[in-house]
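K.L.:
can't give you the sequence, but here's the structure:
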């Protein structure tokens, strides 16, 4: 309920700002819808968190996005474009660790899937070529987490005087929950920069690609980690749309 109130307030505020600004400035405004796919991952400093890490990687996975944009034109060359997007992100991760002088090994693999509401405000430079308008975009964004989970499967192999023992376990945790010493929990508020390019065709249809670089450290501390978590988002958006 709280998240719904926040998103509703953001939409109302965005609409009020755009309408009041354009009414005073008397600048042309168009609204548009966007939809598409994304690929996502996270930068995670696993080597500084877990003991004996010998291999660690994350694999980009596909998600989706839908959204609205308001295009405020200052001239034929320049516009400002605020927007609101609902996005699903996902990635796989793998970690292998060797501890206690090789007498113990841990192999973990998992999948993260999570949702965000993203609000970008892009400065957009325009170049018109026949029926095409080429757009070059750059600007900041803020994002709010809207649910998700981490699924982890771990196998631990120990060598001792009594021989070899193997223990496996799997569990699921809230992506925006607290860290538990095995999985790094993430904060729900993020900010960063979005940049990319796109084309408006025949004044109505749109196709574009943008990169999102998260600047906030989302990782939550835990006494079971060796060091302080450093976690940041990254994603690439592919979108198509229609401008009214």
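P.N.:
Done, it's in. All values reported here derive from a predicted model rather than from experimental measurement.
K.L.:
now the helices for the chain?
P.N.:
If DSSP state H is used as the criterion, the helices of the chain fall at 2-25.
K.L.:
From residue 57, how far out is the spatially closest residue to residue 109 that is not a sequence neighbour?
P.N.:
Spatially, and ignoring its direct neighbours in sequence, residue 109 is nearest to residue 94 (5.0 Å; Cβ to Cβ, 6 or more residues apart in numbering). C-betas here are computed from N, CA, C, even on glycine. Look at residue 94 and residue 57: by Cβ to Cβ, to the nearest Å, they are 6 Å apart.
K.L.:
and residue 99, bridged to which residues?
P.N.:
With DSSP bridges as the criterion, residue 99 is bridged to residue 104.
K.L.:
Got the confidence number for it?
P.N.:
With respect to pLDDT, residue 99 has a value of 82.
K.L.:
What of the one 3 residues further on?
P.N.:
Residue 102 is assigned 74 on the pLDDT scale.
K.L.:
Residue 242: what's it in contact with?
P.N.:
32-33, 204-206 (Cβ atoms under 8 Å, 6 or more residues apart in numbering).
K.L.:
Check residue 201 too.
P.N.:
Taking Cβ under 8 Å, 6+ apart, one finds 131-133, 207 in contact with residue 201.
K.L.:
Now for this protein, the helix or strand with the poorest mean pLDDT.
P.N.:
When the helices and strands of the chain are scored by mean pLDDT, DSSP states H and E, helix 2-25 comes last with a mean of 56.
K.L.:
residue ranges with poor pLDDT in this protein?
P.N.:
Scanning the chain for pLDDT under 70 picks out 1-27.
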